[in-house]
Each structure stands twice: as structure tokens, then as C-alpha cells.
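sequence plus the predicted model coming up.
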Amino acid sequence: MPKFILAKLARAFLTIMMVMTFAFIVLRLSGDPAQVLLGPDAPLDAVIAFRERWGLNDPIWKQYLAYLTQIMRLDFGVSMRSQTPAINLVLERVPATLALTIPALILKLGIGIPAGVYAALHRGSLADRGVIMLSIFGFTIPSFVLGLVLVLIFAVSLTWLPSGGQDTYWHAVLPIITLSIGGIGILARFSRSAMIEVLGQPYIRTAMSKGLPWRDVVWKHALPNAAVPIVTLVGFMVGALIAGAVVVESIFAWPGVGRLIVISVANRDLAVVQALLLVIAASMVIANLLVDVAYGLLDPRLRSKRAAH
Amino acid sequence: MPRSLMAQGARRSITIAVQKITNNGTLDIWNEQSNVGERVFFPNLWEGLIERDWMGNQGPVPGLATEWKRIDDKTIELKLRPGVKFHNGDEMTAEDVVFSFSDERVFAGTKPSNGTTLYEENFKPQTAKELPAVVPGVARRLWPALRGVEAVDKYTVRFHNATPDVTLEGRLYAFGSQITSKRAWDEAATYAIWAAKPVTTGAYRVEEFRPDVSLTLVAFDEYWGGRPPLERIRFVEVPEVAGRVNGLLSGEYDFACDLPPDQIAAVQAAPGLEVQSSTIWNHRITTFNTQNEVLRDPLVRRAMTHSIDRQAIVDALWGGQTVVPAGLQFESFRTADMFVEGWSVPEYNPELARDLLKQAGYKGDVIPYRLLNNYYTNQTPSAQILVEMWKQTGLNVEIQMKENWGQIHDPEGTKGVRDWSASNTINDPITPLVVQFGPNGEAQQKRDWSNAEVNQLAAVMETSTDRAVRKKAFARMLEICEREDPAYTVLHQNAVFTGVKSELKWKAAPAFAMDFRPSNWKL
């Protein structure tokens, strides 16, 4: 097990380094931050002074080495825009995003999986067809369309809920619903097909022929086996907790990580983009690690394979 | 407003939805020289010695100074308004004015052109704050030859310039020349802390600033101009147009700014709402790069300027809500008697354009058009229309979409035409023509274009004190830059559209600035 964890950690480290390197190169090749940040009317001497201040005149390899050294010291640099530490800007935004994405994840899991399982257990019924139809609607409608439609109905026409901003708990309702609808649809579809596949397996027939009650067949034999592919999907969703609300945050003027990504990439605020990518990559990698561990817990065969290694 | 609140003298608070609060995330006038910055700064927060008449002809009116006079061509003396309080309770004195134009606050050791620094002691930093790299460069653009500010007594200051300059008064009410408290600067631990809550003399003070989220200004009851009419002004950043419009329709926002022209009808159709439009002192222009082999020939550039039906663009994309100006001129030039009567943009004449192209021997070579996606309102559809109009006269212009200004100015590859805008900031033709197209302007610095005669005329504009000579120089510059050797061509004046609740008796200024002082708020 420790060997397994160490291998995973090494891979995670490598992944993060690759993301950071890629981001470093792409950001520097796709626009001069001095020109972007100072705008079209900036005097040339101001642009020159800016480039000198932020070391943008150094060769790219030198900038990269300086950047790596900084990262190793856990120094993520200073925002060119606001002159404040980049990591602080990022961490300030994380709670706002999690305030949307965690409730949305709970809704996705709490509605999507039971709906999918129920549909699979009642395959062909009216309820099954209803779940299929609603789930297709859920994951095909783009979030920017859904968000605006919800605003038109609940904020403009009915005036029940606010249209955007972050002032009260009520402001979070529409963004959370917008974020969760797609995921509910995907999880319902996925859970349904995973359950249908498992329910057709010989061991389910065996369990039923042994005379086990239907409830035990479903809870003890079908669900744990269907859970493996669902966990993979949930892993992606957990990994996207920090960066998965870019569009919704823009529609609802919600000041989270997504908005910060858009603003800092548009401004080529290098330190902030890099700090953001580090946090996002780390969250993805951690989610993947958790999924790997969950596989082992759910499927004894994977545990024994790892032990054999 | 409920009667109970009125009885207590309680004031209304308002929420304004904007696309951006600031571009650079600070509230420093020298660091945030943008249109959006103008909106949140003026005239409610930052004030200058001389103020712009925002609701009038944009000319100069007394601000923190009550009167001013010329000592000579290079020196101006101003009497400060006594009893003006900063938001920290201090009285504004000459010391604060001197500080506001000091090395420590803006110039950071840069030297005035054609002269030396006066009053060296004023330029010695007394605190260890790091000034952002951009500030001295921007400051020297507005005050290229300022040698220093002298405190004659507690309420009298003198501005000393290295060169004769008829525009000193104009520079005093331009974006950047506003006054801040020296003590507040000294007490702030870092520049970032100071720039998030600058201490000024405005009718409203900063209560809370969350960059990219919101800015809350609160009434400053010791304001020299009387009790502010609003309790709080809250700017909230709502990047999507639909979000701003929906928030206005649902009643959450009192104002929705930066509406594109195609949203005007939707807002106006809603009960209780109206749209206020105003042309601003900013013209949309298209500039030429003469490094391009095809565009090197002025005949081709002239053909391009005559191929454009500007009124068609104004009618189609702006609903006729803006105008085609008289070249790179602004109505505000009239306040300084510098408006060249009878001048206009090149006439729309496709026949003439075809003839010019024939004379130039143009063979249909591609002219690249580096384009940003709607950095300016209606930028992309305007570009598409321009390309089609050019095509009608035989010009082969190809749009290349770019993501940012760095890519627009990238020296790699071939440049052709690009979009820009030109602002008038000091009611004198020096802005924008000399500032943007003169020898130190960006067009020449970026090697887009240059012209020896224009450079000589720019020097006349900058240093001559004879109005007639200056006006003649300006007229000749227009002839060269817009006809003989086109550097750019003007498309139309820019305009802003603000959705607002009709019950608010408030008027939009012909600017981005939003005036919430007592004189412009009647409920």
C-alpha cells in the first residue's frame, strides 16, 4: 500500500509540474502582460518600466528557473495587477466557489444517483422514461442558457430570487440549481446504465436464486458493483469543485475562482494564473487519488491485485 | 422613499451594475487611467484644483482652487479653497498639493523634459512605498515638463513648467491631476493598501473596495460642496450584459451601465425604466501601419478612408445614437477656440477610392486587420462592415482575430490596419492628435506611421503660446493625418448607454463619469 501511494504521489507531482510548465510557456507566448495590463494607450516608457519591474525582459529559461525556485520556496509571486500576493487572491476566492459547488455536488449525488438507480430498477416504466427524458434535458442544455432562463423566470418575472451577486444566501440559489442540473442528468444516466449492466450479471441471478430478499440483492450485490464506474464520474466532479463554475460565476456575477480565472488570464496576470492552476491541478490530482483509494475499498479484486504487486 | 425616512433626513442608497469596476484593481488615478476608472472616480471621489464641468461644456470650473492666474508662460499660481476637508478629517493645504505632484507620489525620479527638477526636497521619498512601474510614465505623459510645485503659503501654490505651455490649466483638470492627503499616504503600510482606499476630498469616501467584485462609496458629510444626497453608492461588477439588464428589470440595480445599443429597446420597453445615452469625448478610429508594403503608398490609405460609409455604420450598429465627428476634433475644442470650422472626415466616395487604387497600381494584395473581439463597443461588427465596404472598392482586407493588445502590437508578422480610440482629455487639440500621433505618441513609438512635418507641428502645438499659430498648426496636422498621408481615419464618436430607473431625476454626463453630487440629484 505505501508503495502504491508513493507511486501515485510521484505521478501527481509530475502532473502538477507539467501543468505548471505548460501554463508558463503558453501564457508567455500568447501576449505581453505589460501591453495587456497597461492597455492600448500606455506610454512606451511605462511599458518598458513595467517589463523591467516584472523581469519580463529576461530570457524565458531564466524566467522559468526563477519561477521554479520561487515555487519550491512556496512563494507564488505577486499579482502584477493589484501588487498583492497571488496565492492570497486565489485562496480568498475559493470559499465563494465552494459555497456553490459543494451544495451543487450534494444535489447531483442526492438526486442523480437515486433517480438513476430507481429508473434501472423500474426499467421500461413511465418513471424510467421520465428520468431518461429529464436527464437528457439536464445534461444537454448549456449552463449559460439554463442560467439565463432561470433568471428570467425567477428573478425578472416572479421576482422571487435575486438575479446575481453574492449579498445573501438567496443569491446562491439560482447558481447552485444551474450548476447541479447538468450533473444530476449525467449521474442519473450513468447510474441507470451501470445498475442495468450489473443487474444482468450472473451473480445477481445466483443471489436471487439463493432466495435472498430483493432489497439485499440490490443493496449488497448490485449497488457496490455499480458504484465503481459512478465513483469515477464523481471523482471528476470532485476535481472540478474549484474550477468548475467559470461560466455560472460569470452569469451570476459570483466572485469566485472562475471569475478570477477569466480576469487574470485576460490580463495575463502571470503569478495569479499560475497560482490558480496550481490549486486547480492539485485539487484534480487529490480527487484522482481519492478515487483510486475508493476503488480499492469498493472492489476487493483491485485490493488484492495491488497487494500482489 | 418612505415618509418616515424622509422625516429623519435619511438618504437613499443606490446600486450601479457595471461591466468592470477597474481594470487594474486599484483606485489610484495614475494607475487606473481608463474609461471605467473615470466612472468610479469622477466627480464623486477624486477632485482636482480645477474641476471639469462634467454636466456642462466640459470646460474648467473652480474646484479645490478658487482662482488661478498666470505668472508667466511657464508658471501658474492657484489659491486653494480654505476649509476643504479630506476624508481623514485633515484640512487640505498646499503641502498636500505639493505631495500630490511629488516624486514619491507620481514621478519617481523621472526628469522633466527641457528642464531640471525644481525644489529637490519635494522629490525626496519619505516613505518606502514601491510605486507601480506604470505610474511615473503615465504621469510624465500628462506633465512632461513639470519641474515642480511650490507651496507659496498654506493656501497658495505655484506650478512651474520647464517650457511655455498654454495647456497648463487643461492639464490641471485632466485625469490624474487630483489631490490626495499626504498624511494618509504616509500612514499606509503599502502602496496596495493606500490604493484600495485613497483619502481624497470627494463628496463620497471609500467604504469598501473588493477588486473585480464591488466598490462601496459612502457619503462624506464634511464635504465642502454640501451634504451629499446619497447615503451609499455601490458599484457592482456584473460582466454579462444579460446579467446587468436582468438585474435592472428585476429592480435589484438602480443603474445598469455599458449597455450595448441593441439592448436599448428592451430596457426602454420596460415600465419605469429609461436609457440615457451620451456621446463621450472619445472617437473610434482605424489606424494604418505604413511598414506594410501596400499601405506605404498614401494613395491606398486614402482609398481606404473614402471607401467607408460612416453614417451607415452609425445607423446600423448604433441606432443613430452617435455622430460622425468633424475629423479628430471635439466640440470641447470650442471652449479654447481651437475648433477648425469646415473640416470633416473624408467623404464616402467609392468611385474616388477605386480611382486612387488604380493610380496606386494596387493588385489586390492582402492587407491584414488585427482585431480584438469587442474591446470597443460594436468593434467586431464594425470591422466586418468595414471589410465589406473596402471589398466594394477592390481592397482585400483580411481580419485576423487577436486575444489581447500584446498580440495586436506583436512586431512579428505583417501589420496592416487596427482599431483604436482617441480621447480628448484637456480640451485642447494636443489631446488626442499630438499625444497619440505626435513624435512621442504610440503610433510613432510603435512604428505604425510617422511624418516629419507633423512632428514639427507637434512641437509648435506643445510650446507655442500664440493661439492663432497653434490653431493653424493643428489645421495643417489634420490635413496631413487625415488626407495627405493618412495616419488614421475617424469612424464615429463613441457613446455610452445607461439604463436607469425613471423615478431618479438624474442626468448622464457626456462622459463615463457619473455625477452624484447635490447639483445632479433631485428626488
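Yep, it's here.

what residues does stretch A:114-131 touch?
If you take Cβ atoms under 8 Å, 6 or more residues apart in numbering or on different chains as the criterion, stretch A:114-131 is touched by A:132, A:134-135, A:184, A:187-196, A:199, A:218, A:223, A:226. All C-beta spots, glycine's among them, are computed from the backbone N, C-alpha and C.

please repeat the previous calculation with a cut-off of 7 Å.
A:132, A:187-192, A:195-196, A:199, A:218 (Cβ atoms under 7 Å, 6 or more residues apart in numbering or on different chains).

could you work out the end-to-end span of stretch B:148-157 for me?
Its start and end residues considered, stretch B:148-157 measures 10 Å (Cα to Cα, to the nearest Å).

what are the buried residues along it?
Of the residues in stretch B:148-157, B:148-151, B:155, B:157 count as buried by neighbour count, 16 or more other Cβ atoms under 10 Å in any protein chain shown.

so where's the chain shaky on pLDDT?
No chain specified, so I'll use chain A. By pLDDT under 70, the low-scoring segments of chain A are A:1, A:40-41, A:302-309.

try chain B instead
Ranges of chain B meeting pLDDT under 70: B:1-9, B:114-128, B:523.

can you name the residues of it sitting close to chain A?
Counting by Cβ under 7 Å from any Cβ of the partner chain, the residues of chain B close to chain A are B:23-26, B:34, B:132-134, B:136-138, B:141, B:191-192, B:211-213, B:236-240, B:242-243, B:246-247, B:249-252, B:403-407, B:409, B:420, B:442, B:445.

among those, name the buried ones.
Among the residues of chain B next to chain A, the ones that count as buried by 16+ other Cβ under 10 Å are B:23-26, B:34, B:132-134, B:136-138, B:141, B:191-192, B:211-213, B:236-240, B:242-243, B:246-247, B:249-250, B:252, B:404-407, B:409, B:420, B:442.

just these: which are in helices?
Judged by DSSP state H, those include B:134, B:136-138, B:141, B:191-192, B:242-243, B:246-247, B:249, B:405-407, B:442 as members of helices.

pull out the buried residues from stretch A:95-105.
A:96-101, A:103-105.

cool, stretch B:272-281 as well?
Those would be B:273, B:275, B:277-281, for stretch B:272-281 by 16+ other Cβ under 10 Å.

can you map out the helices along the stretch 101-250 of chain A?
Remark: helices assigned in the stretch 101-250 of chain A by DSSP state H, counting those that start in this stretch are A:113-121, A:126-140, A:143-150, A:173-199, A:202-209, A:214-216, A:223-239, A:246-251.

now swap in the stretch 101-250 of chain B and tell me
Using DSSP H, counting those that start in this stretch, the helices of the stretch 101-250 of chain B run over residues B:134-142, B:168-172, B:182-187, B:191-196, B:241-249.

so which of the ones you listed is nearest residue A:244?
Closest approach to residue A:244 among the helices of the stretch 101-250 of chain B is made by helix B:241-249 (19.4 Å; Cβ to Cβ).

orientation of that closest one relative to helix A:143-150 in degrees?
Angle, helix B:241-249 to helix A:143-150, by axes from the mean of the first three to the mean of the last three Cα atoms, to 10 degrees: 10 degrees.

C-alpha coordinates for the longest strand seen in chain B, PDB please?
Secondary structure assigned by DSSP state E gives strand B:273-288 as the longest strand of chain B. The C-alpha trace of strand B:273-288 is given here as PDB (Å, rounded to 0.1, in the frame of the first residue of the first chain):
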ATOM      1  CA  LEU B 273     -37.000  52.300 -16.900                       C
ATOM      2  CA  GLU B 274     -35.300  54.600 -19.400                       C
ATOM      3  CA  VAL B 275     -32.000  54.600 -21.200                       C
ATOM      4  CA  GLN B 276     -29.800  57.700 -21.100                       C
ATOM      5  CA  SER B 277     -27.300  57.900 -24.000                       C
ATOM      6  CA  SER B 278     -24.500  60.300 -24.300                       C
ATOM      7  CA  THR B 279     -21.700  60.800 -26.700                       C
ATOM      8  CA  ILE B 280     -18.400  60.900 -24.900                       C
ATOM      9  CA  TRP B 281     -15.100  62.700 -25.700                       C
ATOM     10  CA  ASN B 282     -13.700  59.600 -27.400                       C
ATOM     11  CA  HIS B 283     -13.700  58.800 -31.100                       C
ATOM     12  CA  ARG B 284     -13.300  55.400 -32.600                       C
ATOM     13  CA  ILE B 285     -10.600  55.400 -35.200                       C
ATOM     14  CA  THR B 286      -8.900  52.900 -37.500                       C
ATOM     15  CA  THR B 287      -5.100  53.300 -37.800                       C
ATOM     16  CA  PHE B 288      -2.700  52.400 -40.600                       C
END
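
which residue packs closest to residue A:103, ignoring adjacent ones?
Leaving aside its chain neighbours, residue A:103 sits nearest to residue A:176 (4.9 Å; criterion: Cβ to Cβ, 6 or more residues apart in numbering or on different chains).

so the one you found sits against residue A:101, correct?
No - counting by Cβ atoms under 7 Å, residue A:176 does not reach residue A:101; the two are 8.6 Å apart.

distance-wise, check the spatially most central residue of chain A relative to residue A:125.
Centroid check for chain A by Cα atoms, centre = their mean gives residue A:240 as the closest residue, at 0.6 Å. Look at residue A:240 and residue A:125: by Cβ to Cβ, to the nearest Å, they are 33 Å apart.

same thing with residue B:429?
79 Å.

among those two, which residue is more densely surrounded?
Of the pair residue B:429 and residue A:125, residue B:429 is the one with more neighbours under other Cβ atoms under 10 Å in any protein chain shown, namely 27 against 12.
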